[in-house]
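In: below are the sequence and a predicted model; questions follow.
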Amino acid sequence: MKILIIGGTRFLGRHLVSSARARGHEVTLFNRGKTNPGLFRNVETISGDREKDLDQLTGQWDAVIDTCGYFPRIVKMSAEALKDRVENYVFISSISVYADFRKTGINESHPVGKIEDETMEEVTGESYGPLKALCEKAAQDIFGVSSLIIRPGLIVGPHDPTDRFTYWPVRIARGGDVLVPESPNALTQIIDVRDLSDFIIRLIEQNISGVFNATGESLSLGTLFETCKQVSKSDADFKWASVEFLDQNHVAPWSDMPAWIPDTDEDKGFARVDISKAMHAGLSISPLEETVKATLAWALERPLDHEWKAGLGEAREKELLEMLKNVQ
């Protein structure tokens, strides 16, 4: 098959390229050449901005994968430019499209969020999900049943630029007292980027359309952290901090404490999203040990002065651990 990827050199995009090529497909990239230029020297690359240079897309493809659409106006332009050039439009969305997470087992029919000004083009915590939902609609309006919408949760693994998962394998490998959130029974949901990439390529091969939640199965923090400890053979000693302690000391979920959202009534569905449709369609979940091992191996190749995008710095964590001793 011939697959066009918009983007293709950053995290999910680069793994999609690898998955497609490993399965014998011909890949073309369309991007501005700003992220990891030269990463795929043997892959045809069309240089251009999707806002100004869509006329450069003169080929024919079986599918296009839009990995970096955030604003409906831009997705609509891309879909319109490609409607006679590709058979299937694949849009990478997010479970953040859902209007709320008050219920558990949210499936693909759950209402999506709305935004008052649908023309706004600023990504914030409040606008990200509704804008992604509008992007989905833009693709569906033009490609109809020939559109494939993928809604991942937290994507993890090698080459993740966000550090929202990588922090834990690296921090736990360092050993010692480790500040961890809530309780061992608190849940998270993650998906290995390689599993997600393979799943998307297989759906394209089978000409499957529709909407799919695509994250992993619910996973306890206790299991996640113990697996990180076992893989790295560290002496980590987990110090569980209550939601109240973390809140009182301005330790933010998801950023300071990555991969975690407090298990409250408002967010109880966030780590309990229904992925049964994707599983029935062939989504395969790698063993957690493999994900942790690959993430750690890649992370340890980075420069020692890597600037972390998520997690606690050593000094801040040490300060919090001392404070925690005084309240326990």
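Out: Thanks, I have the structure now.
In: and the helices in the stretch 1-150 of the chain?
Out: For the stretch 1-150 of the chain, applying DSSP state H, counting those that start in this stretch gives helices covering 12-22, 72-82, 128-143.
In: then the last one to CSV, C-alphas only?
Out: Just to be clear, that refers to helix 128-143. Taking C-alpha atoms only, helix 128-143 is exported to CSV below (Å, rounded to 0.1, in the frame of the first residue of the first chain):
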residue,chain,number,x,y,z
TYR,A,128,-7.6,20.9,23.3
GLY,A,129,-10.3,18.2,23.5
PRO,A,130,-13.1,20.2,21.9
LEU,A,131,-10.8,21.3,19.1
LYS,A,132,-9.8,17.7,18.4
ALA,A,133,-13.5,16.8,18.3
LEU,A,134,-14.0,19.5,15.7
CYS,A,135,-11.0,18.2,13.7
GLU,A,136,-12.6,14.7,13.7
LYS,A,137,-15.8,16.2,12.3
ALA,A,138,-13.9,18.1,9.6
ALA,A,139,-12.3,14.9,8.3
GLN,A,140,-15.6,13.0,8.6
ASP,A,141,-17.6,15.7,6.7
ILE,A,142,-15.3,15.2,3.7
PHE,A,143,-14.4,11.5,3.8
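In: tell me how far that helix lies from the chain's centre.
Out: Helix 128-143 has its C-alpha centroid displaced from the chain centroid by 17 Å (CA atoms, centre = their mean, to the nearest Å).
In: can you check the second one too?
Out: Counting by CA atoms, centre = their mean, helix 72-82 is centred 22 Å from the centre of its parent chain.
In: what's the span of stretch 41-58, first residue to last?
Out: In stretch 41-58, first residue to last residue: 21 Å (CA to CA, to the nearest Å).
In: quick one: mean pLDDT over it.
Out: Mean per-residue pLDDT for stretch 41-58: 95.
In: what's it in contact with?
Out: 4, 6, 8, 17, 21, 27-33, 74, 77-78, 81-82, 85 (CB atoms under 8 Å, 6 or more residues apart in numbering). C-betas here are computed from N, CA, C, even on glycine.
In: pLDDT value on the residue lying closest to Ile149 once chain neighbours are set aside, please?
Out: The shortest distance from Ile149 to any non-neighbouring residue, by CB to CB, 6 or more residues apart in numbering, is to Val211 (4.3 Å). Note on Val211: pLDDT of 98.
In: what does whichever strand or helix holds Val211 contact?
Out: Val211 belongs to strand 210-214 when assigned by DSSP states H and E. When contacts are defined by CB under 8 Å, 6+ apart, strand 210-214 is touched by residues 95, 106-108, 136, 148-153, 191, 196, 199-200, 203, 273-275, 277-278, 281, 283.
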